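Student: only geometry, no sequence info:
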Ligand SMILES: CC(C)=CCC/C(C)=C/COP(=O)(O)OP(=O)(O)O
Ligand SMILES: [Mg+2]
């Protein structure tokens, strides 16, 4: 069978799905690809001039003073709450409302009290069905807050045939969430996840829950809390609590709304700062092949570090993400193989003279990257002091571009790697290591040798986070990449390697994502509390990638879920 030069991977995949033959591999290898592809991205939808007029009354100091008063009152709620289940629910509400950073001491004391009380009352070893919800909640909160919680807490609720003695949705959901905090080898938690997923899915198909409840359940099933960015779940939780008659106590809810609006006002200031920079550099006007996605990049950066004190880091990260998208498009869409080879040499030498002879738009990309990274390094040095970040930032960009070059080489040769070969490179081309370096430099107080040690100490976390980024991206973008005829993604690699259908390949990719999360959980637990405070922002990159790609290509396609989320979380205050 002959394949024409313009045969896209989409055709190849449909052929795979029907023929499932390995003979095709050799045919793909032989075919050549067109030098330049057509970009399928739509133009930017955001009106920057309008976003620049955003002003929130919540920047006013009087709201901060109001919030401080409410915090004092909420603090008293801890001492007035005696029953362990009420205390657990209070801690849970505070977490979900985005207020945990204000009550760290109270939460720590309360959890210690709960541990003492459940130990002395034998609560841990209860197997009574009515206790299961409280135990599941306790298990999840202890793990989330870095306390030891053995999977054996849930063991006795199994009936010996792999079934849990539980049928209500609230408990099933709580158990599902807790099971997603597992590490490798925790078979009770694996069984819990399988059982709760199966039962929640069957409840979904049978029961006559409202549309909203079903949507909520579907959402939690496809992306559990542990994989979600907490800040972007806060406003949804506030809205849900407002609708519930016996929900969160009114004072807590009032504080949550106020706090949300105050923090949103800070984010809006950062957004305007980054937009002014973007409109000033205005590079995408010269780059029709790529994406103007500065608002989405900012949305991602806020998910990585939403705390008010990380404003500079959000701005640096936004610029870096927009550059990642542009440079990725240079390699995937615009450049010929020879051109991206030259571009990679220029990045390695960090020398603007090396891009001479390349098309004007590639020269613009190089200069923007070069100048922005130099500026960021200077700003890091000015704000934090200590070692210069520049050599390290340059190196992560070199590694990223080399990984993109290898993918481009595969594409131009028509080579489809095995999944292992693909992932050995794909974790770097995910931009995970690059983002992580900028994140660690951005959230740390001073750049010292310890900062570099921290990067070493969380190497495994960065690796597994990057795998999650790579695979979530592939799951969300493979349809449009196939249409454009981009380099093979993990899904296609696995289909070709194992001669299986797209559905089977997607399921396999899901299982790797799950395993990567278990490894992230394990390695995160080995860090000290102070390290965890910094490294949680690296893990947030994985969480944010779930947010971006859960409903398709959240970076490429602006006018879907991402736009709604941007308006909901960054633009419109709670009234
Ligand atoms: C900024 C973040 C977190 C991005 C996720 C991964 C990535 C490099 C996306 C680039 O777009 P793409 O969808 O074209 O990716 P690729 O070409 O690598 O598949
Ligand atoms: Mg790409």
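Tutor: Alright, I've got the coordinates. Source: prediction; values computed, not measured. Ligands and ions are numbered 1, 2, ... in the order given.
Student: drop to CA atoms for contacts and neighbour counts, all remaining ones
Tutor: Fine.
Student: pretty sure residue 234 is in a strand, no?
Tutor: No - applying DSSP: H, G, I helix; E, B strand; the rest coil, one finds residue 234 to be helix, outside a strand.
Student: got the phi/psi numbers for the nearest residue to it once chain neighbours are set aside?
Tutor: Computed as CA to CA, 6 or more residues apart in numbering, the closest residue to residue 234 that is not its neighbour in sequence is residue 97, at 5.1 Å. Here is the backbone geometry of residue 97 (degrees, to the nearest 10): phi -90, psi 0.
Student: just residue 458 next, same as before
Tutor: Main-chain dihedrals, residue 458, degrees, to the nearest 10: phi -110, psi 30.
Student: Residue 261 versus that one, what's the distance?
Tutor: Using CA to CA, to the nearest Å, residue 458 is found at 33 Å from residue 261.
Student: ok, residue 486 touching residue 410?
Tutor: No - between residue 486 and residue 410 there is no contact under CA atoms under 8 Å: 10.4 Å.
Student: Among the two, which residue is more densely surrounded?
Tutor: Higher neighbour count among residue 486 and residue 410: residue 486, with 22 against 17, using other CA atoms under 10 Å.
Student: Is the more buried one part of a helix or strand, or is it coil?
Tutor: Here residue 486 is coil, with the state taken from three-state DSSP.
Student: How about it, nearest residue that isn't a chain neighbour?
Tutor: In this structure, residue 486 finds its nearest non-sequential neighbour in residue 332, 6.4 Å apart by CA to CA, 6+ apart.
Student: And residue 160, its phi and psi?
Tutor: Per-residue torsions, residue 160: phi 100, psi -20 (degrees, to the nearest 10).
Student: which non-adjacent residue is nearest residue 465?
Tutor: residue 542 (5.2 Å).
Student: List the buried residues in the helix or strand hosting the one you found.
Tutor: Residue 542 is part of helix 529-549, with elements assigned from DSSP states H and E. By 16 or more other CA atoms under 10 Å, the buried positions in helix 529-549 come out as 532, 534-535, 537-549.
Student: For residue 480, grab phi and psi.
Tutor: Phi and psi for residue 480, reported as degrees, to the nearest 10, are phi -70, psi -30.
Student: For the stretch 101-250 of the chain, give the residue positioned nearest to ligand 1.
Tutor: In the stretch 101-250 of the chain, the residue found nearest to ligand 1 is residue 229; the distance is 13.6 Å by CA to the nearest ligand atom.
Student: Any figure for the gap between the residue nearest to residue 465 and residue 467?
Tutor: Computed as CA to CA, the residue 542 to residue 467 distance reads 9 Å.
Student: Tell me, how many residues neighbour residue 565?
Tutor: For residue 565, the neighbour count with other CA under 10 Å is 16.
Student: what pLDDT does residue 563 get?
Tutor: The model reports residue 563 with a pLDDT of 93.
Student: That one: what secondary structure?
Tutor: Put simply, residue 563 is helix when judged by three-state DSSP.
Student: Tell me, how many residues neighbour it?
Tutor: By the criterion of other CA under 10 Å, residue 563 has 18 neighbours.
Student: State the mean pLDDT of stretch 373-380.
Tutor: 96.
Student: quick one: which helix or strand includes residue 73?
Tutor: In this assignment (DSSP H and E), residue 73 forms part of helix 61-80.
Student: Next, the angle from the helix or strand following that helix to helix 61-80.
Tutor: As assigned by DSSP H and E, the chain's next helix or strand after helix 61-80 is helix 84-96. Orientation of helix 84-96 against helix 61-80 (axes from the mean of the first three to the mean of the last three CA atoms, to 10 degrees) gives an angle of 160 degrees.
Student: Show me how far helix 84-96 is from its chain's centre.
Tutor: The chain centre lies 25 Å from the centre of helix 84-96; the measure is CA atoms, centre = their mean, to the nearest Å.
Student: Show me what the next helix or strand after it is packed against.
Tutor: Per DSSP H and E, the first helix or strand lying C-terminal to helix 84-96 is helix 104-121. For helix 104-121, the packing partners by 3 or more CA pairs under 8 Å, 6 or more residues apart in numbering; DSSP states H and E come out as helix 61-80, helix 84-96.
Student: 10 Å instead?
Tutor: helix 61-80, helix 84-96, helix 132-144 (3 or more CA pairs under 10 Å, 6 or more residues apart in numbering; DSSP states H and E).
Student: Retrieve the pLDDT associated with residue 11.
Tutor: On pLDDT, residue 11 comes in at 40.
Student: Quickly note the distance from the closest residue to residue 311 other than its chain neighbours to residue 64.
Tutor: Distances taken as CA to CA, 6+ apart place residue 270 nearest to residue 311, at 6.3 Å, with adjacent residues excluded. Noted for residue 270: a distance of 18 Å to residue 64, by CA to CA.
Student: higher neighbour count, the two?
Tutor: residue 270 (20 against 15).
Student: Residues of this structure that sit close to ligand 1?
Tutor: Residues of the chain lying close to ligand 1 (CA under 6 Å from any ligand atom) are 321, 325, 328, 429-431, 469-470, 473-474, 477, 545.
Student: Reformat the residues you listed as TSV; add pLDDT.
Tutor: Below are those laid out as TSV (pLDDT from 0 to 100):
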residue	pLDDT
321	98
325	96
328	95
429	98
430	98
431	98
469	98
470	98
473	95
474	94
477	85
545	97
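Student: And those, which of them are buried?
Tutor: Applying 16+ other CA under 10 Å to the residues of the chain next to ligand 1, the neighbour count classes 321, 325, 328, 429-431, 469-470, 473-474, 477, 545 as buried.
Student: Restricted to helices, list these.
Tutor: Counted as lying in helices by DSSP state H, out of those, are 321, 325, 328, 429, 469-470, 473-474, 477, 545.
Student: Share the number of residues neighbouring the residue in the stretch 1-150 of the chain that ligand 1 sits nearest to, please.
Tutor: Nearest to ligand 1, among the residues of the stretch 1-150 of the chain, is residue 41, at 10.2 Å (CA to the nearest ligand atom). Number of residues near residue 41 (other CA under 10 Å) recorded here: 16.
Student: That one reaches residue 290, doesn't it?
Tutor: Yes - taking CA atoms under 10 Å as the definition, residue 41 is a contact partner of residue 290 at 7.2 Å.
Student: which residues do those two both contact?
Tutor: Common contacts of residue 41 and residue 290 (CA atoms under 10 Å, 6 or more residues apart in numbering): residue 556.
Student: and the gap between the residue nearest to residue 465 and residue 536?
Tutor: As judged by CA to CA, residue 542 and residue 536 stand 10 Å apart.
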